[in-house]
Each structure stands twice: as C-alpha cells, then as structure tokens.
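>>> Dropping a prediction and its sequence here:
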Amino acid sequence: MKRLNDDAKAKYFKRVYEAIDGLWFMELESERGFDYALDIDQRVWRIVPKIQARKIKELLELGNGVEALTAALAAKAELDGADIEINVSNSQTTITVKNCPWHELMKKSGREHLAGRVGRAICGVEYPVWMNEFGVKGEFRIEKLLCDGDECCVMSYLINGEGGAK
C-alpha cells in the first residue's frame with residue numbers, strides 16, 4: 001500500500017484547513033446572514049493567530065521583538081503559500097503581499113465581491129494579534145488590499161516600542 005509522504009500530508013491538512021474555514025462561514029451565513037458570519041469570523045481570527053504565532057515562535061525558537069515578529073510572519077506566509085515582502089525601518093515594518101491564497105480562494109469560489117469586506121475585517125484583527133504576541137507596541141494600518149482590487153496588499157506596523165525576550 002502506498003504511504004503519504006510529508007509533502008502530501010501537509011497538502012492534505014492545508015486543503016482541509018482552507019475548506020473548514022470557508023464551509024463553516026458559508027453555513028453560518030446561510031443561517032444568520034453575512035454580517036453575523038463575518039462578526040463570528042472576526043472573533044475566531046482574534047484567537048487563531050495566537051495559536052499560530054505561539055507555535056511558530058516555539059518551532060523557530062523565537063523571542064520577542066520586531067525581528068522575531070518579521071521572521072514569524074515570513075514563516076507564516078511560506079506555510080500559507082503567500083508571496084510577501086517585509087521591509088523594516090526604525091519605526092515602521094511594512095508587509096507587502098503580492099499574492100494571497102485566501103484572496104485566490106474568494107475569487108475561485110465566486111465571492112470576490114465580498115473579499116474586500118472579509119479581508120479588511122480579518123486582516124484588521126489578525127495582524128495586530130501577531131504584533132501583540134511578539135511584544136511589539138504600536139499601531140497596525142492597512143493601506144492597500146488585493147481584496148479591494150489593489151495590485152497588492154500593503155500593511156504597516158508603526159512601532160512605538162517592543163518588549164524584551166521572554
């Protein structure tokens with residue numbers, strides 16, 4: 001009997017993860033409406049990044065601070081299959097997303113007309129959680145979104161300070 005290799009296992013779990021994310025949303029939307037489903041989705045995405053960040057922090061043996069945050073976000077992008085670029089200056093970290101698998105799934109499912117609302121809501125809650133998990137103080141801003149029809153996403157962390165290593 002053929003056995004699954006690590007790559008096949010990873011593809012399987014990624015596909016299941018993506019399917020579950022969309023299916024529960026659409027089921028809730030059909031029962032209670034889009035706005036309600038989006039509100040619940042935001043609540044979920046206030047928790048999921050904590051799990052992701054803590055696991056990546058553990059796997060990569062990262063501490064706190066901007067450098068650790070950017071390393072973790074780069075790893076997250078690689079795991080998600082996103083094409084991103086991260087630029088760090090003294091007081092600002094800018095994330096440019098050139099290709100987003102979540103946006104591609106919205107297009108593929110014929111829900112591109114909702115993508116902007118979903119992207120703004122979810123990225124708007126998800127990325128500040130990452131910042132907090134790495135002890136980085138400041139403000140998060142969304143400047144451009146693929147989901148809004150822009151050529152890329154541009155999101156920034158305006159850094160006020162960062163916590164020390166834990």
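Arrived safely, thanks for sending.

>>> helices or strands next to the helix or strand of the chain with the lowest mean pLDDT in the packing?
When the helices and strands of the chain are compared on mean pLDDT, DSSP states H and E, strand 153-162 comes out lowest with a mean of 87. If you count contacts as 3 or more C-beta pairs under 8 Å, 6 or more residues apart in numbering; DSSP states H and E, strand 153-162 packs onto helix 66-80, strand 92-99, helix 112-133, strand 136-144. From N, CA and C alone the C-beta is placed, and that goes for glycine too.

>>> Show me the shaky parts of the protein.
161-166 (pLDDT under 70).

>>> So which bits of the lengthiest helix in the chain are buried?
Secondary structure of the chain per DSSP state H: the longest helix is helix 6-32. In terms of neighbour count (16 or more other C-beta atoms under 10 Å), helix 6-32 has its buried residues at Asp21, Phe25, Leu28, Glu29.

>>> so what's Arg54 up against?
Arg54 makes contacts with Glu133, as judged by C-beta atoms under 8 Å, 6 or more residues apart in numbering.

>>> what comes up buried for the host helix or strand of it?
Under the criterion of DSSP states H and E, Arg54 resides in helix 48-60. Of the residues in helix 48-60, those with enough neighbours to count as buried (16+ other C-beta under 10 Å) are Pro49, Gln52, Ala53, Ile56, Lys57.
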